[in-house]
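Enquirer: just to be clear, the model below is a prediction. Sequence and coordinates:
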Amino acid sequence: MTVRNILGASILTSLSNTINISALSSGIYIVEVELSDNSVVRKTFIKE
């Protein structure tokens with residue numbers, strides 16, 4: 001699992017199913033999850 005900023009730069013990476021975003025500044029981020037079939041799911045979230 002990877003969290004990227006809106007520009008696409010990798011901010012956080014985790015091998016587990018959870019990731020702690022408390023240290024992130026407010027803004028828009030993208031979380032990427034690679035599935036077992038090697039497909040990638042991307043979702044955008046806003047941290048306030």
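Expert: That came through, no problem. Residues are numbered from 1 along each chain as shown.
Enquirer: shaky segments in this structure?
Expert: Nowhere does the chain drop to pLDDT under 70.
Enquirer: pretty sure V3 is touching N20, no?
Expert: No: using CB atoms under 8 Å, V3 is not in contact with N20; the gap is 10.0 Å. Every residue, glycine included, has its C-beta placed from N, CA and C.
Enquirer: okay, and the common contacts of these two?
Expert: L12 (CB atoms under 8 Å, 6 or more residues apart in numbering).
Enquirer: which one's more surrounded, those two?
Expert: V3 (19 against 9; other CB atoms under 10 Å).
Enquirer: so that one is in which element?
Expert: strand 2-5 (DSSP states H and E).
Enquirer: name the strands paired with the next helix or strand along the chain from that strand and say parallel or antiparallel.
Expert: Following strand 2-5 in sequence order, the next helix or strand is strand 10-13 (DSSP H and E). Paired with strand 10-13 in the same sheet, following DSSP bridges, are strand 2-5 (antiparallel).
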